[in-house]
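1. A structural model of the following input is requested.
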Amino acid sequence: MTRKFHLLLILALPLLPVLAACQPKSALALGATLPLGSITENYVEVSITLHRSENDTYTLTATFTPLEAGLHLYSKDIPPTGVDGLGRPTLFNLPADSPLVQVGETMESQPSQDPFEGPSELRVYPEGPITLSIPVLLPEGEDWLDQQVSVTYMACSELGCRAPVENKAIAIRIPAKGLIQ
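-> Have a look, this model is predicted:
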């Protein structure tokens, strides 16, 4: 090899990490989760994420985390106004005009159970976090899209309930399909 080539190689080596960093990267790698937004209201934190599975499907999730010991949330399957006015369902919804397309049922991270007190139809989740997941198709394109999702929940304990949070909008920013490689 010539001296010029060696000199060029010595000068170029430090630039390789910079050049690699300039390459387009996927907004969401296989198996990765992208945080999208969160709120905290009435002693519950709600975190929204987008997960890309190893088989290249996408799931939008909302994790509802009560912030006090003893608080539980109600099942996603109780009526919108509760049972005889008691409780509110834990819900996670896309707006009707969403560029995301829901392609399956909303799943829950754990099943609800009969309440300790009250009507048996007033099903509750065990104390602690509950995650609702929506399988989705990403919109076509190569841009980030501003979007909103909505959540409903009510946290209660044996000492009483917090005010319900109903149809609370959470702003998120989602990648279009072209940003994912």
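
2. Output the below-cut-off pLDDT ranges for this protein.
-> Residues of the chain meeting the criterion pLDDT under 70: 1-26, 116-120, 181.

3. residue ranges for the helices of it, please.
-> 3-12, 16-21 (DSSP state H).

4. Leaving aside the residues adjacent along the chain, what's closest to Pro129?
-> Thr65 (4.3 Å; Cβ to Cβ, 6 or more residues apart in numbering). All C-beta spots, glycine's among them, are computed from the backbone N, C-alpha and C.

5. ditto for Ser38
-> Nearest non-adjacent residue to Ser38, counting by Cβ to Cβ, 6+ apart: Ser47, 4.4 Å away.

6. That neighbour reaches Thr63, doesn't it?
-> Yes: contact criterion Cβ atoms under 8 Å: Ser47 and Thr63 qualify, at 4.9 Å.

7. hmm, back to that, does the residue nearest to Pro129 have beta-bridge partners, and which?
-> Glu45 (DSSP bridges).

8. Tell me who's in contact with it.
-> By Cβ atoms under 8 Å, 6 or more residues apart in numbering, the contact list for Thr65 reads Val44, Glu45, Val46, Ser47, Gly128, Pro129.

9. Please verify my assumption that the fifth one contacts Pro66.
-> Yes: A contact is recorded between Gly128 and Pro66 when judged using Cβ under 8 Å, the distance being 7.0 Å.

10. Quick one: residues contacting the residue nearest to Ser38.
-> Listed by Cβ under 8 Å, 6+ apart, the contact partners of Ser47 are Pro35, Gly37, Ser38, Ala62, Thr63, Thr65.

11. Looking at these, spot the one nearest Ser75.
-> Proximity of the contacts of Ser47 to Ser75 (Cβ to Cβ) peaks at Ala62, which lies at 14.6 Å.

12. That closest one: neighbour count?
-> Using other Cβ atoms under 10 Å, Ala62 has 26 other residues around it.

13. And the strands in the protein, which stretches?
-> 33-41, 44-52, 58-66, 72-73, 91-93, 101-102, 107-108, 130-137, 144-153, 155-157, 160-161, 165-175 (DSSP state E).

14. which of these sits most buried?
-> When these are scored by mean count of other Cβ atoms under 10 Å, the highest mean neighbour count falls to strand 72-73 (a mean of 24).

15. Within the sheet, what are the partner strands of it, with directions?
-> For strand 72-73, pairing defined by DSSP bridges yields strand 155-157 (antiparallel).

16. starting at the chain centroid, how far to the strand it pairs with?
-> Chain-centre distance of strand 155-157: 22 Å, with Cα atoms, centre = their mean, to the nearest Å.
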